[in-house]
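1. sequence and predicted structure, then a few things I'm wondering about:
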Amino acid sequence: MIKISKYTKLGFLVIACLTILIWGINYLKGIDLLKKSSSYYVIYEKIDGLLESSTVTINGFQVGQVSEIGFLGDYSGRLLVTLSLEGDYKIAKGSTAKIVSSDIMGTKSIKLEIVHSGEYYQPEDTIPGATESDLKEQVSMQVLPLKKKAEELIASLDSALTVVTYVFNERTRDNLSQSFENINRTVANIESASAELKKIMGEGKINSIITNIDSISTTIEQNSGQITNIIKNLSSLSDSLSKLNISPVFAEISSSIAGLNTIIQKLNTTESSAGLLINDPVLYHNLNNLAGSLDLLLKDVRNNPKRYVHFSAFNIGKDVYITSKPGAQEGKDQVIYKVHLISSPAKLSTESVFFKGLGPIEEMKVSETFNYMAGKTSEFEAISKLLDTARISFPDASIVAFRNGKKIKLEKAIKKLTN
């Protein structure tokens with residue numbers, strides 16, 4: 001009998017323990033070294049959290065697992081995944097190894113999408129890979145149309161608020177307030193009239209009026225004989241008139257009518273001055289054009305009085321016309337004029353169509369109000385022309401003055417300019 005030394009026994013024990021340890025570790029990873037398996041390779045651009053020992057399934061049944069993950073040797077950043085399939089299961093060509101989420105927690109696994117082509121991959125072959133969109137990407141794809149619609153809705157609301165802010169300016173609000181006051185006064189007058197009518201009916205005045213009418217009819221009935229005599233007298237008077245010779249009177253009337261006809265005929269011809277005045281179309285069109293030219297002249301005088309009347313300083317209500325002195329002051333204390341267009345509690349777009357034709361628009365926020373201004377010049381005549389243009393779209397537009405970046409009173413700026 002061969003005697004085995006204790007060191008040999010210890011060596012066998014260590015080898016057995018290492019064998020069991022290696023087998024156990026691989027078994028915990030899902031690799032059974034005692035079973036036959038075949039390996040296939042898949043190349044992915046990204047693996048989205050796929051791990052070694054992740055399951056490989058076909059139609060939901062586990063047929064293997066991921067045995068190894070590593071980068072390709074071409075330094076492209078692509079990943080090479082090794083699949084270990086149990087048994088001698090063959091994969092048909094055209095099949096795809098797709099990375100999918102196996103649960104709601106985002107655990108990744110590989111799903112083999114088998115295509116029955118009749119030809120099969122050999123072990124160690126490379127299978128085409130694919131990646132399923134994750135939950136975040138799917139949610140993003142669903143939310144993206146809603147985001148676009150929300151942005152369009154916000155843009156529409158911004159335009160609507162701009163229009164409402166422009167329409168319901170201070171003048172419109174004052175007009176609405178006056179309209180409601182007039183309606184209230186009208187309703188009060190109707191209530192007063194109905195109260196007076198009710199009072200009259202309550203006091204019996206209508207009954208008194210009916211009684212008076214009845215009394216009048218009774219009086220007429222009582223004096224019917226006298227009324228009959230009056231009618232007889234009128235009949236006698238008409239008989240007397242019929243006996244009178246009124247033929248000369250009618251002859252005079254006929255002569256007068258003939259004279260009027262002659263005058264009308266002359267008016268209908270162009271032989272007289274009056275006829276020319278009435279019947280000459282050229283004269284009518286000339287007078288009409290003259291009236292139109294006078295109307296245009298009056299409008300131009302009203303809109304551009306500086307073309308016809310020149311003053312160094314002339315104040316009529318809100319409008320101030322200034323003929324600025326040559327060589328106006330420049331530098332630190334120079335006065336800058338701007339046109340204040342509108343104040344709004346909501347922020348408006350300076351690219352809005354309402355500001356078209358007014359040049360660059362400046363936005364200034366004071367407290368919680370947004371103020372929008374156009375123009376920036378030291379020439380009062382230039383800012384006055386811009387004001388006339390701005391009042392076409394903004395009737396409440398006005399000129400404001402700034403010195404050293406601070407707003408000053410317009411009267412003070414004009415006084416400084418005239419001095």
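-> Structure's in. What do you need?
2. could you chop the protein up by domain?
-> The record assigns the chain these domain ranges, following automatic domain parsing: 35-132, 204-236, 310-418.
3. show the average pLDDT along the longest one.
-> Same thing as domain 310-418. Averaging pLDDT along domain 310-418 yields 77.
4. hey, where'd the helices end up in the stretch 51-200 of the chain?
-> Here the stretch 51-200 of the chain has its helices, by DSSP state H, counting those that start in this stretch, at 135-167, 170-203.
5. quick one, which of these gets closest to Ser109.
-> helix 135-167 (15.0 Å; CB to CB). All C-beta spots, glycine's among them, are computed from the backbone N, C-alpha and C.
6. dump the domains of the chain into a markdown table; add mean neighbour count and distance to Leu153 as well.
-> Putting the domains of the chain into a markdown table (neighbours: other CB atoms under 10 Å; distance: least, CB to CB, whole Å) gives the following:
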| stretch | mean neighbour count | distance to Leu153 |
| --- | --- | --- |
| domain 35-132 | 15 | 33 |
| domain 204-236 | 10 | 64 |
| domain 310-418 | 15 | 16 |
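7. can I get these in JSON lines including distance to Trp23?
-> Output for these, formatted as JSON lines (distance: least, CB to CB, whole Å):
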{"stretch": "domain 35-132", "distance to Trp23": "11"}
{"stretch": "domain 204-236", "distance to Trp23": "121"}
{"stretch": "domain 310-418", "distance to Trp23": "72"}
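8. these: which one's closest to Leu290?
-> Scanning these with CB to CB as the criterion, the closest one proves to be domain 310-418, at 26.9 Å.
9. how far away from the center of its chain is the closest one?
-> Taking the mean C-alpha point of domain 310-418 and that of its whole chain, the gap between them comes to 27 Å (CA atoms, centre = their mean, to the nearest Å).
10. minimum distance to Lys148: which of the domains of the chain has it?
-> Of all these, domain 310-418 sits nearest to Lys148, with 19.2 Å by CB to CB.
11. how about the domains of the chain, which one is nearest Val164?
-> Minimum separation from Val164 across the domains of the chain (CB to CB) falls at domain 310-418, 9.1 Å.
12. nearest to Leu161, of the domains of the chain?
-> Leu161 lies closest, by CB to CB, to one member of the domains of the chain: domain 310-418, at 5.2 Å.
13. rank the helices of the stretch 51-200 of the chain by mean pLDDT and give me the bottom one.
-> Note on the helices of the stretch 51-200 of the chain: lowest mean pLDDT is at helix 135-167, with a mean of 78.
14. which strands or helices does that helix pack on?
-> When contacts are defined as 3 or more CB pairs under 8 Å, 6 or more residues apart in numbering; DSSP states H and E, helix 135-167 sits against strand 335-344.
15. dump the residue contacts of Trp62.
-> For the record, residue 62 is Gln, not Trp. Residues in contact with Gln62 (CB atoms under 8 Å, 6 or more residues apart in numbering) are 55-56.
16. check it and give its pLDDT.
-> You'll see Gln62 listed with a pLDDT of 86.
17. show me the residue at the heart of this protein, geometrically.
-> Central residue of the chain (CA atoms, centre = their mean): Ser159, 2.2 Å from the mean position.
18. what residues are up against that one?
-> Counting by CB under 8 Å, 6+ apart, Ser159 touches no other residue.
19. what bridges to Thr377?
-> Counting by DSSP bridges, Thr377 is bridged to Tyr337.
20. that one against Ile336, yeah?
-> Yes - the criterion here is CB atoms under 8 Å, and Thr377 meets it with Ile336 at 7.1 Å.
21. of the helices of the stretch 51-200 of the chain, which is nearest Pro395?
-> Nearest of the helices of the stretch 51-200 of the chain (CB to CB): helix 170-203, 6.6 Å.
22. how near is Thr262 to Ser39?
-> Counting by CB to CB, to the nearest Å, the gap from Thr262 to Ser39 is 129 Å.
23. excluding its backbone neighbours, what's nearest Ser54?
-> Val66 (4.6 Å; CB to CB, 6 or more residues apart in numbering).
24. so the one you found makes contact with Val81?
-> Yes - under the criterion of CB under 8 Å, Val66 is in contact with Val81, at a separation of 5.9 Å.
25. which neighbours do these two share?
-> 50, 110.
26. quick revisit: so which of the helices of the stretch 51-200 of the chain comes closest to Met105?
-> Distances from Met105 to each of these were compared by CB to CB, and the smallest falls on helix 135-167, at 10.4 Å.
27. buried ones in that closest one?
-> Residues of helix 135-167 classed as buried under the neighbour-count rule (16 or more other CB atoms under 10 Å) are 162, 165-166.
28. quick check: angle from that helix to helix 170-203?
-> 70 degrees (axes from the mean of the first three to the mean of the last three CA atoms, to 10 degrees).
29. what packs against the helix or strand Asn233 falls within?
-> Taking DSSP states H and E as the criterion, Asn233 maps to helix 224-243. In this structure, helix 224-243 packs against no helix or strand, with contacts taken as 3+ CB pairs under 8 Å, 6+ apart.
30. and that helix, what's its mean pLDDT?
-> Summarised as a single mean, pLDDT over helix 224-243 is 80.
31. which residues does Glu68 contact?
-> When contacts are counted by CB under 8 Å, 6+ apart, Glu68 is found next to 52, 81-82.
32. which among the residues you listed gets closest to Met364?
-> When the contacts of Glu68 are compared for distance to Met364 (CB to CB), Val81 wins out at 61.9 Å.
33. just give the nearest non-adjacent residue to that closest one, would you?
-> The spatially closest residue to Val81, leaving aside those adjacent along the chain, is Val42, at 4.8 Å (CB to CB, 6+ apart).
34. which element is the one you found on?
-> For Val42, the secondary-structure element it belongs to, assigned by DSSP H and E, is strand 37-44.
35. that strand pairs with which strands?
-> Its sheet considered, strand 37-44 pairs with strand 79-86 (antiparallel), strand 126-127 (parallel) by DSSP bridges.
36. and for the last one, what's in contact with it?
-> This means strand 126-127. Residues outside strand 126-127 that contact it (CB under 8 Å, 6+ apart): 40-43, 83, 91, 95-97, 121.
37. so after the helix holding Asn233, what's the next helix or strand?
-> Taking DSSP H and E as the definition, the helix or strand that follows helix 224-243 towards the C-terminus is helix 247-267.
38. pLDDT of that next one, averaged?
-> The predicted confidence, averaged over helix 247-267, sits at 79.
39. who does it touch, helix- and strand-wise?
-> Under the contact criterion of 3+ CB pairs under 8 Å, 6+ apart, helix 247-267 touches helix 273-279.
40. assign Ile4 to helix, strand or coil.
-> In the three-state summary, Ile4 is assigned as coil, counting by DSSP: H, G, I helix; E, B strand; the rest coil.
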